[in-house]
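K.L.:
sequence plus the predicted model coming up.
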Amino acid sequence: MVNPPMNMARLAALDATQAARVLSEVREAALAGQRVPLAPRPVIEQSWGRMLRGGVDPDRDFRSGLLPPDEVRRRREESPLRHVLPVLREGLLSVADVAQHIMVVADADGRVLWREGSAPVLRKADGLGFELGADWREDVVGTNGVGTPAVVRRPVQVFAAEHFVRSHTSWTCTGAPITDPRDGRLLGVVDVSGPLETMHPATLSWVDAVAKLAEARLRELHLGSLERLRAVAAPVLARLDGRALVVDRDGWTAAVTGMPYLRRVTLPKSLVPGRRWLPSLGWCAAEPLGEGWLLRADEDPGATAASRVVLDLSRPERAAVTVAASGSAGAWSRELSPRHAELLFLLTEHPGGRGAAELAGDLFQDPSRTVTVRAEMSRIRRYLGGLLQHRPYRFSDAADVEVVLPENPRDLLPRSTAAAVAHRRAAPPAERPRPA
């Protein structure tokens, strides 16, 4: 009989010291492969599994080198999180200082860029290597309140011996990811940490709420920048014939003329002026305009350019697609939602194409759910454009598609319940087809 997962909120509310003692017993038994008195919470058990498969040593406090101060400063200046520091400070610091916690903000690489709060707790954090410039990715320092939320993309509280590395078990931390509201890209993690006796079950909801306020502030800032660009674009577009639009530097549309509205155009990583091929527009002329780009569509585009499409599924929870078109400058990449990653993977498994009912059967074991499939495929085609055909859905003949799979089959799209994905996860590594 499988033991039920422990209720950390109830345990800690009764006695934090007793909860830490129970967790320590659970951790020791689980890492030794013995029967555990209570099952760890699923998010913690899954993280421990990743650590064991990745070779992280639970008895070794590994610390990678700190970033030099100049690099920390550069990352701060380039991070969009700098715009929401006032929101984070207002929402977290006043309470954190009283509760003997510190607030830590790390970037998408797990590097600590800001750290503020209770002075005695900051000194204790120094002893754990929780310093400015430190690397707190999960696969470097084990299960923790910075690296684990970045992997699972949701708020996580890690209490005492829920930490994978033994030297961290006197600590409690609660982190929430902050994502770019425009495209879902991970920007970093905000974390509230302190000694284990300061743990409170409500901290998780508190930190999550403040992270959402930060994302709302980023959304407001983006809408304001689009309004400013729209004011510059309107008189320019009024003088043009043909199809054209003005986008910001990330491809978000500010104004359009002569064509249906596109919410966003996927741009190369390094766009330069000149004639370029873009997935949703085809060949077009790109010119800088204000804080963005004027894109004028070529009215005689000719044949679709051949493109290399790389579907990268090698990292759990971090699927991405990269496109490089022949004759264009550079390539562009986009992080994928779990659903979009599933759909694109299924299309690579069926190069001849898949209808909406077939994809619905693959995903939900219910061929009638075609409305959901069509809506998601429509969203995918907004950024892949002509590289994705329909009736049936398939990659274009002009697309040279490569799939990058994880080293461990069990890490392939871990949230997916699609039969084709589950079959591939169960296949021994030697039997998995190599990417094309």
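P.N.:
Great, that's in hand.
K.L.:
am I right that residue 254 sits in a strand?
P.N.:
Yes: going by DSSP: H, G, I helix; E, B strand; the rest coil, the assignment for residue 254 places it inside a strand.
K.L.:
using PDB, write out every CA atom in stretch 226-233.
P.N.:
Backbone C-alpha positions of stretch 226-233 (Å, rounded to 0.1, in the frame of the first residue of the first chain) are rendered in PDB as follows:
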ATOM      1  CA  LEU A 226       2.900  49.900 -27.600                       C
ATOM      2  CA  GLU A 227       0.800  53.000 -27.200                       C
ATOM      3  CA  ARG A 228       3.800  55.300 -27.600                       C
ATOM      4  CA  LEU A 229       5.000  53.300 -30.700                       C
ATOM      5  CA  ARG A 230       1.400  53.400 -32.200                       C
ATOM      6  CA  ALA A 231       1.500  57.200 -32.000                       C
ATOM      7  CA  VAL A 232       4.700  57.200 -34.100                       C
ATOM      8  CA  ALA A 233       3.500  54.500 -36.500                       C
END
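K.L.:
show me what the mean pLDDT comes to for that stretch.
P.N.:
For stretch 226-233, mean pLDDT is 94.
K.L.:
try stretch 39-46
P.N.:
Along stretch 39-46, the predicted local confidence has a mean pLDDT of 89.
K.L.:
check stretch 123-133 too.
P.N.:
Taken as a whole, stretch 123-133 carries a mean pLDDT of 93.
K.L.:
what comes up buried for that stretch?
P.N.:
Along stretch 123-133, these residues count as buried under the neighbour rule (16 or more other C-beta atoms under 10 Å): 124-125, 128-133. All C-beta spots, glycine's among them, are computed from the backbone N, C-alpha and C.
K.L.:
off-centre distance for that stretch?
P.N.:
Relative to its chain's centre, stretch 123-133 lies at 25 Å (C-alpha atoms, centre = their mean, to the nearest Å).
K.L.:
and if you look at stretch 41-58?
P.N.:
Taking mean C-alpha positions (C-alpha atoms, centre = their mean), stretch 41-58 and its chain are 19 Å apart.
K.L.:
list the buried residues of that stretch.
P.N.:
Of the residues in stretch 41-58, those with enough neighbours to count as buried (16+ other C-beta under 10 Å) are 41, 43-48, 50-51, 56, 58.
K.L.:
now tabulate these in a markdown table and tack on secondary structure and distance to residue 272.
P.N.:
Written out in a markdown table, the entries for these read as follows (DSSP: H, G, I helix; E, B strand; the rest coil; distance: C-beta to C-beta, whole Å):
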| residue | secondary structure | distance to residue 272 |
| --- | --- | --- |
| 41 | coil | 49 |
| 43 | helix | 44 |
| 44 | helix | 47 |
| 45 | helix | 48 |
| 46 | helix | 43 |
| 47 | helix | 42 |
| 48 | helix | 47 |
| 50 | helix | 40 |
| 51 | helix | 43 |
| 56 | coil | 42 |
| 58 | coil | 49 |
